[in-house]
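J.: pasting the structure only:
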């Protein structure tokens, strides 16, 4: 609200009398002074031989006393003049006493009537002046801009706010047409908006400008406003129009900010909830609906404990107590409950909400569903654990392979050489020679099995020549070892250049092939096995298929309890460790196909 100008208020017509002018000594002293001056003037004029009707100065003195002093001084002047007349004026000889008394009484009544009339008129005009000044003060003091016109549309009044917005001062605007002072256009199109005064004068009713109106001030500044115009009527006749308007720049900015904030809140994927100090939900956004499953209609007006599992309800009193103290809660991880009963891992931020007086009236809560992140973190931890287990397995395989080769292998070689020495020493006991030959043959088998097992545990080709050569060698050796036809195929036509893979990927793919061939050996009774390694886009595809017995499958993992056992579990875990997938297609009597798809970088290297 902008106040009016104090200087302009003092310049208003018929100002209030000062306190000393209202004092009784001044008022009655003025009456006596007027009587004395009138009598003195009459005496002076009489001495000068100038004849003047005494009634005229008496009436003028009475009017002046009643106007400036009020009813009491006016009556006093009438009494004094009448008393002077009775004392000093002679009654004409042809006038009876009754006629003289009636004349005196009539004159005195006239004096009384004039004093009452003049003082009453004075009071009426003063009240009208006070009301006019009050109206002007009111119009000058309100925060809205006000312009008044006559019925021809010429400006008759402007308050200070109207002067500020239009750029015109009241003195310069008075007498001008409103269109010269108040120029408005449509905010979006720039089209000039018709004069509201014309509409009011035509219809005789209030009218307002369209929305999105801008006032163009005298300096050319464009100000968004809202406004209304209403007729000024007297005895049902329109005397003019009053136009009230205000600058809505801040309101529009606040509205835009509020709309933007509301849009952000509503479109947020986080749950944004407000509640009062009793824990009753007062607002609920779309993110809350998506996370908790409740619509706003279902939860607004209910306690926020509806979102809490029974064992977490006791958290709410402590949260509300913190809010009442004006304290917030940041990144509080807890458990909340979905509408369908599912438990959700939630991260909460709770902040106090204040009113315009700075008093805490509620709380704003932002809840983020951490369930998927927790699951992802758990999966990462499981993958890391699995990776450490696999690394530990590989280290243990290397240790066992080294022990087999360095210790047991050497001893078996020494044993085989000693048996060979016994064989060369012929005896006369044919049965003994035959037994020694059988032992030698068994020792050779054992020595060869130990060598194959040691090589299988620690394939040197994988470390030195890469995955493709290692798999080709392994499939060939496995086929020779167990007498099952097995072939390896690769999409890489140049045996020297091969797909560059991370060592961890190469190791796990190699172990998947080993587990698959071991399952074939143990369970499939297959005659033919094919191993295919293929690169497609950014994926390595490994296929191991056989023509064996096959088995009943459950879902996509196979019947792990009947066929494959821990071997299939291990293959699935290794594929998952590489962020890939493993599928098993099998059916009794038609064989088994294992398909592993592993994401990798697409590039090659030269290992020569």
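T.: In hand now; what should we look at? These numbers come from a predicted model, not from an experiment. Numbering: from 1, shown residues only.

J.: so what secondary structure elements neighbour the helix or strand harbouring residue 226?
T.: If you go by DSSP states H and E, residue 226 is part of strand 222-234. If contacts are counted by 3 or more C-beta pairs under 8 Å, 6 or more residues apart in numbering; DSSP states H and E, strand 222-234 sits against helix 196-203, strand 207-208, strand 213-216, strand 237-247, helix 249-267. Where C-beta positions appear, they are placed from N, C-alpha and C, glycine not excepted.

J.: pLDDT on the last one, on average?
T.: Helix 249-267 shows a mean pLDDT of 70.

J.: cool, the third one as well?
T.: Average pLDDT, strand 213-216: 86.

J.: Mean neighbour count and distance to residue 55 added to the helices and strands packed on strand 222-234, as JSON lines?
T.: Formatted as JSON lines, these follow (neighbours: other C-beta atoms under 10 Å; distance: least, C-beta to C-beta, whole Å):
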{"stretch": "helix 196-203", "mean neighbour count": "18", "distance to residue 55": "51"}
{"stretch": "strand 207-208", "mean neighbour count": "18", "distance to residue 55": "58"}
{"stretch": "strand 213-216", "mean neighbour count": "19", "distance to residue 55": "62"}
{"stretch": "strand 237-247", "mean neighbour count": "19", "distance to residue 55": "41"}
{"stretch": "helix 249-267", "mean neighbour count": "11", "distance to residue 55": "68"}
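
J.: quick check: domain ranges of the chain?
T.: 6-139, 142-252, 268-369, 370-458, 478-608 (automatic domain parsing).

J.: of all these, which lies closest to residue 471?
T.: domain 478-608 (5.6 Å; C-beta to C-beta).

J.: Any regions of the stretch 451-600 of the chain where pLDDT drops low?
T.: In the predicted model, the stretch 451-600 of the chain carries pLDDT under 70 at residues 451-463, 492-500, 553-567.

J.: could you pull out the strands for it?
T.: Remark: strands assigned in the stretch 451-600 of the chain by DSSP state E, counting those that start in this stretch are 485-490, 497-499, 528-536, 539-546, 581-587, 591-599.

J.: need the contact list for the nearest residue to residue 491 once chain neighbours are set aside.
T.: Among residues not flanking residue 491 along the chain, residue 534 sits closest, at 4.7 Å (C-beta to C-beta, 6 or more residues apart in numbering). Listed by C-beta atoms under 8 Å, 6 or more residues apart in numbering, the contact set of residue 534 reads 490-491, 540-543.

J.: Can you lay out those residues as a markdown table showing distance to residue 174 and neighbour count?
T.: Shown next, in a markdown table, are those (distance: C-beta to C-beta, whole Å; neighbours: other C-beta atoms under 10 Å):
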| residue | distance to residue 174 | neighbour count |
| --- | --- | --- |
| 490 | 100 | 18 |
| 491 | 95 | 13 |
| 540 | 91 | 23 |
| 541 | 92 | 16 |
| 542 | 95 | 23 |
| 543 | 97 | 16 |
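
J.: in a strand, that's where residue 358 is, yeah?
T.: No. Under DSSP: H, G, I helix; E, B strand; the rest coil, residue 358 sits outside any strand and is assigned coil.

J.: confidence score at it?
T.: For residue 358, the predicted pLDDT is 87.

J.: Residue 238 too?
T.: Residue 238 is assigned 83 on the pLDDT scale.

J.: Tell me the bridge partners for the nearest residue to it once chain neighbours are set aside.
T.: Setting aside the residues directly before and after it, residue 238 is nearest to residue 231 in space (C-beta to C-beta, 6+ apart), at 4.8 Å. With DSSP bridges applied, residue 231 shows beta-bridge pairing to residue 241.

J.: and residue 231, how many neighbours does it have?
T.: Residue crowding around residue 231 was assessed by other C-beta atoms under 10 Å; the count is 19.

J.: Repeat that for residue 119.
T.: Neighbour count for residue 119, taken as other C-beta under 10 Å: 21.

J.: Could you number the chain from 798 rather than 1 from now on?
T.: Let's use 798 as the start, then, which means that last one is residue 916.

J.: out of the domains of the chain, nearest to residue 1261?
T.: Residue 1261 lies closest to domain 1275-1405 among the domains of the chain, at 8.3 Å (C-beta to C-beta).

J.: quick check, distance from that closest one to the centre of its chain.
T.: 52 Å (C-alpha atoms, centre = their mean, to the nearest Å).

J.: Tell me where the longest helix sits in the protein.
T.: The helix that spans the most residues within the chain, counting by DSSP state H, is helix 894-938.

J.: contacting residues around whichever helix or strand residue 1159 is part of?
T.: Applying DSSP H and E as the criterion places residue 1159 in strand 1157-1166. Under the contact criterion C-beta under 8 Å, 6+ apart, strand 1157-1166 has outside partners 1067-1074, 1079, 1085, 1088, 1101, 1116-1117, 1120-1121, 1123, 1133, 1141-1152.

J.: separation between the closest residue to residue 1130 other than its chain neighbours and residue 917?
T.: Closest residue in space to residue 1130, ignoring its immediate chain neighbours: residue 1144 at 5.3 Å, by C-beta to C-beta, 6+ apart. Residue 1144 sits 81 Å away from residue 917, going by C-beta to C-beta, to the nearest Å.
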